[in-house]
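# output the structure for:
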Amino acid sequence: RSVSNMSVGSWSSLFRNVKVLSPAYVGVMRSYGSRPLPSQGPTFVCEKKNRHTGSLRQPNFSRNFFGNPFESHKTVHQERRLIKYTPEELFDVVSAVQHYSIFLPWCEQSVILNVSRDKKLMKADLKVGFRGLSEKYTSSIMLSRPKTIVVEAIDSMVFKELKSHWTFQSGPTPGSCWLEFKVEFCFRSPLYNQVASMFLDEVVLKMMTSFEKRCQDLYGKRPDRVAYT
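Have a look, this model is predicted:
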């Protein structure tokens, strides 16, 4: 049947079949189990224990699987860890963007373009590659030492939006820090959004582990983490 001759009912039937077959839709079905799915696009929120580190991670995927399949939707992921390094040490590692290509997986190039006189704002070029996708973009980085770092892509052909927030707070014991990380992204391509959502846990886990390993390389190994929330 030609596309132009398809009725509204035929289109509805087609999209129902597509949703049943899509990996993202299957993921939602598994997450909801026997509970009825909402009639509108859900905000998918879960909490789970990370089997690698024991930390309680709280990813918040705001996805609308039941809306227009040709639209891209924003994904949000949040994570909080207690790490045995000071806020100042972690801040210095995260803010040293020029070294990302040395220790971060999938970061192929990292170059600082300019830094403001007060060192509270800088721009950097980043090139990342993951499973066949390669992208180079410019980021605006706002720094408030040693509390927060906000990174936002300002020139990207692939991302419609990409923004990450880093927060560093003193931990319950001397020399420790609560590290909070939040990333919000939306690809221009709905297909890229689907693929990225499937691998997001893997990417975030490796990235956070790489930053902690970088601290060990620079400041020496510290006692194991003592608590999570």
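# low-confidence ranges, the protein, go.
Low-confidence segments of the chain, defined by pLDDT under 70: 1-72, 131, 224-229.
# repeat that for 80
Along the chain, the model assigns pLDDT under 80 to residues 1-72, 130-134, 195, 197, 223-229.
# need the contact list for Met207.
With contact set as Cβ atoms under 8 Å, 6 or more residues apart in numbering, Met207 has these partners: 104-105. Where you see a C-beta, it was placed from the backbone N, CA and C, and this is true even at glycine.
# so it is in which element?
Using DSSP states H and E, Met207 sits within helix 190-219.
# tell me which stretches of this structure form strands.
Using DSSP state E, the strands of the chain run over 44-45, 48-49, 56-61, 75-83, 107-115, 121-130, 133-144, 148-155, 159-170, 177-187.
# Gly171 touches Leu179, doesn't it?
No. Using Cβ atoms under 8 Å, Gly171 is not in contact with Leu179; the gap is 9.1 Å.
# need the residues touching each of those two.
Each of 82-83 lies in contact with both Gly171 and Leu179 under the rule Cβ under 8 Å, 6+ apart.
# re the thing from before, mind listing what's buried along the helix holding Met207?
By 16 or more other Cβ atoms under 10 Å, the buried positions in helix 190-219 come out as 192-197, 200, 203-205, 207-208, 210-212, 214-215, 219.
# swap in stretch 124-136?
Neighbour-count burial for stretch 124-136 flags 124, 126-128, 130, 135 (criterion: 16+ other Cβ under 10 Å).
# compute the first-to-last residue distance for it.
Using Cα to Cα, to the nearest Å, the span of stretch 124-136 from its first residue to its last is 11 Å.
# try stretch 76-96
End-to-end span of stretch 76-96 (Cα to Cα): 24 Å.
# list the buried residues of it.
76-87, 89-95.
# identify the residues contacting the closest residue to Tyr85 other than its chain neighbours.
Excluding the flanking residues, the one nearest Tyr85 by Cβ to Cβ, 6 or more residues apart in numbering is Cys215, at 4.7 Å. By Cβ under 8 Å, 6+ apart, the contact set of Cys215 is 83, 85, 89-90, 93.
# now, the most widely separated pair of those?
Spatially, the most separated pair among the contacts of Cys215 is Ile83 and Val93, at 10.5 Å (Cβ to Cβ).
# got CSV for the strands of the chain, with distance to Ser101 too?
Formatted as CSV, those follow (distance: least, Cβ to Cβ, whole Å):
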stretch, distance to Ser101
strand 44-45, 33
strand 48-49, 31
strand 56-61, 26
strand 75-83, 22
strand 107-115, 5
strand 121-130, 8
strand 133-144, 12
strand 148-155, 15
strand 159-170, 17
strand 177-187, 19
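# Val151: neighbour count?
Val151 has 20 neighbouring residues, counting by other Cβ atoms under 10 Å.
# I'd say it and Lys163 touch.
Yes. Assessed by Cβ under 8 Å, Val151 is found in contact with Lys163 at 7.0 Å.
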